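# sequence first, then the predicted structure:
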Amino acid sequence: MLGIILIFAALIKFLSMNWEQLLSSQRVGARQKSNPSDARSAFEQDYDRIIFSHPFRRLQDKTQVHPLPVHDFVHTRLTHSLEVSSVGRSLGRKVGEVILQRHPHLAERYSAYDFGAIVAAAALAHDLGNPPFGHSGEQAISDFFRFHPSGLFFKDKVDEKQWEDLTNFEGNAQGFRILNKKQFQGLKLTYATLAAFSKYPRESLIDSIDADRSSQKKYGFFQSEKEVFHTLATEIGLKKQKADEPYLWHRHPLAFLVEAADDICYHIIDLEDGCRLGLVGFDKTVELLAGILGTRFDRQKLNAINGQSEQVGALRAMSIGILTDQVTQVFLDNEASILEGNFDRPLTELIASSAILTEIIQLSIEKIYRSHTVVATEAAGFEVLPGLLESFTTAAYEQFIGKGKSMGKHKGLLRLMPEARVKEMSWEAPDVYKVVMNCTDYIASMTDSHAISLFRKIKGISLPGNEY
């Protein structure tokens, strides 16, 4: 009987993902293993590569919730990403400490700081692929190809899966593309960080989507990067979800922590911003955050803090600390199931404060996400992004696919694009999908202000030096 149990345990271990492989510091495209210095681990180097990159810097002028904020306390994608990364580092370290105790052989090569660094780097990059105007920007790009005559023009010129990429534009897949694009060679990240970044390890079109699995809600890579992800998944040992779906895997375990860090921040920070902007009442904000604190909430100590903004800030800090502890425990309780690929839910759904988070998000939808300024700027995005896509995809198609018979207008538009993108489209044997994706790259990478300014100029609404 003991022999059977040992064999069964060995089989389960073989069928599970293993931490040693999952923590690979090998870099994508590198022939040799990473050679970190004594001062920085490979995963800390990942963090530095991301934070000094151009795509990360552009997040300063990309919508988080409140578009083009004039208030210095309202979050942009940049500040949101930094905060998610900070929470992610704490989650990674807390989890890592226990994982190393459970798997002592790992301690010879890794520390809890490595777990924290992987999650911090992946969380720092989690919004790199978001286009201007937030999630409405994703919808605006998708709708251009679905409904606009200039977008529908490409439907019969690409295959079914490529068309799904275009008509269901996904910021997560765009982020993975940015991290692996040739013009960003300096961002060759480790397999561990890239896999932890990938919350949705599947291609855009699969035969059937399991709505109960969080990892299948969206997709994580375009057709242009599917082989890169296949190599990554193979090298790091991600498990396949279905034998008949070659590009569908289970998540890297640390991706659950990246997701949780994002969930914690956008629930709590969006509520804080909403309160400071007067969209949510102070008393209601305190009530909700007090619900997370439970017995640790002390009204007398709160009243001793001067200013309502400072009071909300104190409650926010305590709430994030409690949520971090709760998420850590849920992850550790489900470690084996996660490694086996049987666990596939957001960690925040299972924590003690899940009901309060649900109430917060419902209130945020009603009071914050549907506020006048948010909705008005989203509406502008549905004009700006399709307008830019129409101009640049038409110009690029005529120049590189249509035998160079483009008009002077089209040639002028292409001169506005970065030279590296134009050169990439002019490589040998260009195809429609590659050309259109490069145009989409260009527009999705823009800041909100750049997108609006360029749209006004190419439509003749304003001229350089005469912006108004």
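Good, I have the coordinates.

# residues touching Tyr442, list them.
Tyr442 is in contact with Phe392, Met417, Pro418, Arg421, counting by CB atoms under 8 Å, 6 or more residues apart in numbering. For glycine as for every other residue, the C-beta is placed from the backbone atoms N, C-alpha and C.

# please name every helix or strand in contact with the longest helix seen in the chain.
Longest helix of the chain, by residue count under DSSP state H: helix 372-400. In terms of contacts (3 or more CB pairs under 8 Å, 6 or more residues apart in numbering; DSSP states H and E), helix 372-400 is packed against helix 134-147, helix 149-152, helix 408-416, helix 419-425, helix 432-444, helix 448-458.

# what comes up buried for that helix?
By neighbour count with 16 or more other CB atoms under 10 Å, helix 372-400 contains the buried residues 374, 377-378, 380-382, 384-400.

# quick one on the thing from earlier: pull the most distant pair out of the contacts of Tyr442.
Phe392 and Pro418 (11.7 Å; CB to CB).

# which one (most neighbours) among the contacts of Tyr442?
Phe392 (25 neighbours; other CB atoms under 10 Å).

# tell me how far that residue lies from Arg177.
17 Å (CB to CB, to the nearest Å).

# next: Arg89.
25 Å.

# quick one: average pLDDT of stretch 318-327?
For stretch 318-327, mean pLDDT rounds to 98.

# which residues does the closest residue to Ser150 other than its chain neighbours contact?
Leaving aside its chain neighbours, Ser150 sits nearest to Glu390 (4.3 Å; criterion: CB to CB, 6 or more residues apart in numbering). Residues near Glu390 by CB under 8 Å, 6+ apart: Phe144, His148, Ser150, Gly151.

# show me what contacts the third one?
Applying CB under 8 Å, 6+ apart, we find Ser150 in contact with Phe144, Leu389, Glu390, Thr393, Thr394.

# tell me how many other residues crowd the first one.
Summarising burial for Phe144: neighbours were counted as other CB under 10 Å, giving 25.

# returning to what we had before: a markdown table please, covering the contacts of Ser150 and showing distance to Asn342 and pLDDT.
Listed next are the contacts of Ser150 as a markdown table, based on distance: CB to CB, whole Å; pLDDT from 0 to 100:
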| residue | distance to Asn342 | pLDDT |
| --- | --- | --- |
| Phe144 | 39 | 97 |
| Leu389 | 41 | 96 |
| Glu390 | 46 | 96 |
| Thr393 | 43 | 94 |
| Thr394 | 48 | 93 |
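
# so which of those comes closest to Ser449?
Leu389 (18.0 Å).

# which non-adjacent residue is nearest that closest one?
Of all residues not flanking Leu389 in the chain, Phe144 sits nearest, at 4.7 Å (CB to CB, 6+ apart).

# that neighbour contacts Pro386, correct?
Yes: using CB atoms under 8 Å, Phe144 is in contact with Pro386, at 4.3 Å.

# what touches both of the two?
What both Phe144 and Pro386 touch, as defined by CB under 8 Å, 6+ apart, is the set Gly151.

# distance of the residue nearest to the spatial centre of the chain from His80?
Compute the mean C-alpha point of the chain, and by CA atoms, centre = their mean the closest residue is His126, 3.1 Å away. Relative to His80, His126 is positioned 9 Å away (CB to CB).

# out of the contacts of Ser150, the closest to Tyr433 would be?
Thr393 (11.5 Å).

# got the buried residues for stretch 261-276?
So, applying 16+ other CB under 10 Å, buried residues of stretch 261-276: 261-276.

# among the residues you listed, which are in strands?
Among the buried residues of stretch 261-276, no member is found in strands (DSSP state E).

# just the closest of those to Asn168, please.
Asp262 (20.6 Å).

# in contact with the nearest residue to that closest one once chain neighbours are set aside, which residues?
Once flanking residues are discounted, Asp262 sits nearest to Val84: 5.1 Å by CB to CB, 6+ apart. Shown in contact with Val84 (CB under 8 Å, 6+ apart): Ala123, Leu124, His126, Val258, Ala261, Asp262, Cys265.

# can you tell me the helix or strand for Val84?
Using DSSP states H and E, Val84 sits within helix 77-102.

# leaving out sequence neighbours, find the closest residue to Arg202.
Arg202's closest residue in space is Leu248 (CB to CB, 6+ apart), at 4.4 Å.

# surely the one you found meets Lys240?
Yes: Leu248 is within contact range of Lys240, at 6.8 Å (criterion: CB under 8 Å).

# the more surrounded of these two?
Leu248 (23 against 15).
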